[in-house]
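Enquirer: Predicted model and sequence follow; I will ask about them next.
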There are 2 protein chains.
Amino acid sequence: MTTDRIYINPQDVRNITCIGGGPIGAGWSAFFLARGYEVTSYLHDPAEEPGLRALIDNAWISLQELGLADGASLDNLRCTSNLADACANADFVQESAPENITLKRALYAQLGELVPAHVVIASSTSGLSMSEIQADCATPGRAVVGHPFNPPYLLPLVEIVKGDQTEPDAVQWLVAFYELVGKAPLVLRKEIPGFIATRLQEAIWREALHMVANDEATVEEIDLAITNGPGPRWAIMGPCLTFHNGGGEGGMAYNLDQFGPALKLPWTRLEAPELTQELRDKMVDGCIREAGERDYAALSRERDRGLVAISKALKACAED
Amino acid sequence: MTTDRIYINPQDVRNITCIGGGPIGAGWSAFFLARGYEVTSYLHDPAEEPGLRALIDNAWISLQELGLADGASLDNLRCTSNLADACANADFVQESAPENITLKRALYAQLGELVPAHVVIASSTSGLSMSEIQADCATPGRAVVGHPFNPPYLLPLVEIVKGDQTEPDAVQWLVAFYELVGKAPLVLRKEIPGFIATRLQEAIWREALHMVANDEATVEEIDLAITNGPGPRWAIMGPCLTFHNGGGEGGMAYNLDQFGPALKLPWTRLEAPELTQELRDKMVDGCIREAGERDYAALSRERDRGLVAISKALKACAED
């Protein structure tokens, strides 16, 4: 599936085009400006420019605190509502247009004509399929999902998903480029609805909606339960390593052997899959791989050091 | 349902009995020691003492960093494997015995005899029902669930749930006491399986198990998706306020009106409840109440300040 198309060396990228003036498009623009790039922001309507600049100005406060790249400046931002002009010099395009499949298909048909075929186009879509988005694009091979988490200038995750017609080289290029600029790309092995992070987030969200619908908890109670409970832990360790650590010296194996039966309990409205030997082994082996040389004591220390650091940092924030 | 039983003034509590030598029991012991109390730890088997002390020593490192109360000392810990001796002077009992209903019912039958009826007994159970736990207790009115999150010495949440026979006064006392010692008590309005935080956590966990079972993601990918994505945000804002903020100026109302149809999409295996007008209004009103005077810009600044603080704090941890 690879072609002889030559993608630009990620280190040679200078000009980035960000499509969209909402929080995600503006967030990407701010991020790339902070990394020292020339950014052209395409706005559907010139009237969106003040809103875009307000979002970028807000992001800039945080980006400055974290440290700007050499030469980074808000002066490197240019706005235009002419798509051909916006794409003229692009070495990379990050598209964050509204989540509407008809609109995106038409947009990628245009981008296919305007953007040279060796330039990668990443879509910030959180819910649409790249196979559909790229369907009317004449040069679909370089179109890939690059889905950030809000705010894109602070959270490192970018989920990378290819469509039916995406070339593996474009995926590799995008991984290399995101890593170069300091993001944490995560390539999906399958094109699944909601990708990985949104699926996990959506499970919490729907359980929360059920609880509110049934007067089991209020909005405020749900939020307090997370921020005072598992929330800070998830900033440090994902759910699997958390439960591996929660299993004590015995890790995930002990955890599943002890709490496996609890998967049948109505602790959420989501039914668990059957805990087959194969699934058990995948979970246990995955946790052992992920933990590496960190034993129970080391993981507990790491968790505690992180929680103390977060507790102090947020306390200082609140008092500031 | 209130009696003329007089509970001790929470401020007069001096002696606390912690039952159980595992991570939760030891974590509570460490926490109460750090708050300056005399702590008696009941261990089923005297051989558990070195393990208990190792867990407490580890917790103490973090507790010292966060600041100890006047007079707090590890010397205020006493261990015993005689339950009557353990409970002799208790002004409050925090029970963290193994999650086995037969064992807990028998334990509460004993505690009912040993602990004066005006002393509150809180159970750290995460999954058992207080109505069942207290069934064989002669003085069930003061027995309440007080479910912490691991590690109990660092995460503030304690979910409070009453059983059929629990007195409202005991619940009020426990709320006042936990607040006094710096915890964040959350009283459940219904005795539901998994309480609030564990239900939300379990929804993520089961979706993760499905994804691993179906080779949609590995253990490591799931954990990275959380820690690099929504995880740090949940340390600052719960899922409801996060989506209220994600809706921009329009807040949760805009979010539900725009993404309501997405609740029908297979973004997780958990089916959403129907988004009735009543549910929509509860979500919107709840978010408006929770946000208070904080508008979109203020919430975004708060989120960003928190994320920058967490990012810097965890980076410093990793480099330390």
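Expert: Okay, I see it.
Enquirer: what ranges do the strands span in the stretch 51-200 of chain A?
Expert: Counting by DSSP state E, counting those that start in this stretch, one finds strands in the stretch 51-200 of chain A at the ranges A:77-80, A:92-95, A:121-123, A:143-148, A:157-162, A:184-187.
Enquirer: any chance of those strands in JSON lines, with distance to chain B too?
Expert: All C-beta spots, glycine's among them, are computed from the backbone N, C-alpha and C. Output for those, formatted as JSON lines (distance: least, Cβ to the nearest Cβ, whole Å):
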{"stretch": "strand A:77-80", "distance to chain B": "19"}
{"stretch": "strand A:92-95", "distance to chain B": "17"}
{"stretch": "strand A:121-123", "distance to chain B": "16"}
{"stretch": "strand A:143-148", "distance to chain B": "9"}
{"stretch": "strand A:157-162", "distance to chain B": "4"}
{"stretch": "strand A:184-187", "distance to chain B": "4"}
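Enquirer: Export these to TSV and append columns for mean neighbour count and mean pLDDT.
Expert: TSV is the format used below for the strands of the stretch 51-200 of chain A (neighbours: other Cβ atoms under 10 Å in any protein chain shown; pLDDT from 0 to 100):
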stretch	mean neighbour count	mean pLDDT
strand A:77-80	17	98
strand A:92-95	25	98
strand A:121-123	26	98
strand A:143-148	27	98
strand A:157-162	24	98
strand A:184-187	19	98
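Enquirer: Make a markdown table out of the ones you listed and add distance to A:Ile61.
Expert: Output for the strands of the stretch 51-200 of chain A, formatted as a markdown table (distance: least, Cβ to Cβ, whole Å):
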| stretch | distance to A:Ile61 |
| --- | --- |
| strand A:77-80 | 16 |
| strand A:92-95 | 21 |
| strand A:121-123 | 26 |
| strand A:143-148 | 19 |
| strand A:157-162 | 22 |
| strand A:184-187 | 22 |
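Enquirer: B:Ile19: which of those strands is closest?
Expert: Judged by Cβ to Cβ, the one of the strands of the stretch 51-200 of chain A that comes nearest to B:Ile19 is strand A:157-162, at 41.4 Å.
Enquirer: who touches that closest one?
Expert: A:122, A:130, A:144-149, A:168, A:170-171, A:174-175, A:178, A:183-188, A:191, A:195-197, B:224-225, B:228-229 (Cβ atoms under 8 Å, 6 or more residues apart in numbering or on different chains).
Enquirer: Just the CA atoms of the longest helix seen in chain A, as PDB, please.
Expert: For chain A, the helix with the greatest residue count under DSSP state H is helix A:296-319. The C-alpha coordinates for helix A:296-319 follow below in PDB (Å, rounded to 0.1, in the frame of the first residue of the first chain):
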ATOM      1  CA  TYR A 296       4.600  -3.400  44.400                       C
ATOM      2  CA  ALA A 297       6.600  -1.100  46.700                       C
ATOM      3  CA  ALA A 298       8.100   0.800  43.800                       C
ATOM      4  CA  LEU A 299       4.700   1.300  42.100                       C
ATOM      5  CA  SER A 300       3.100   2.400  45.500                       C
ATOM      6  CA  ARG A 301       5.900   4.900  46.000                       C
ATOM      7  CA  GLU A 302       5.500   6.300  42.500                       C
ATOM      8  CA  ARG A 303       1.700   6.600  43.000                       C
ATOM      9  CA  ASP A 304       2.100   8.300  46.300                       C
ATOM     10  CA  ARG A 305       4.800  10.700  45.100                       C
ATOM     11  CA  GLY A 306       2.600  11.700  42.300                       C
ATOM     12  CA  LEU A 307      -0.500  12.100  44.500                       C
ATOM     13  CA  VAL A 308       1.500  14.300  47.000                       C
ATOM     14  CA  ALA A 309       2.800  16.400  44.100                       C
ATOM     15  CA  ILE A 310      -0.600  16.800  42.600                       C
ATOM     16  CA  SER A 311      -2.200  17.600  46.000                       C
ATOM     17  CA  LYS A 312       0.400  20.300  46.700                       C
ATOM     18  CA  ALA A 313       0.300  21.700  43.200                       C
ATOM     19  CA  LEU A 314      -3.500  22.000  43.200                       C
ATOM     20  CA  LYS A 315      -3.500  23.500  46.700                       C
ATOM     21  CA  ALA A 316      -1.000  26.100  45.600                       C
ATOM     22  CA  CYS A 317      -3.200  26.900  42.500                       C
ATOM     23  CA  ALA A 318      -6.200  27.400  44.700                       C
ATOM     24  CA  GLU A 319      -4.400  29.700  47.000                       C
END
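Enquirer: what's that helix in contact with?
Expert: Outside helix A:296-319, the residues that reach it (Cβ under 8 Å, 6+ apart) are A:232-233, A:235-237, A:241-242, A:244-245, A:248-249, A:251, A:291, A:294, B:58-59, B:61-62, B:65-66, B:151, B:154-155, B:235-236, B:305-306, B:309-310, B:312-314, B:316-317, B:320.
Enquirer: Much appreciated, bye for now.
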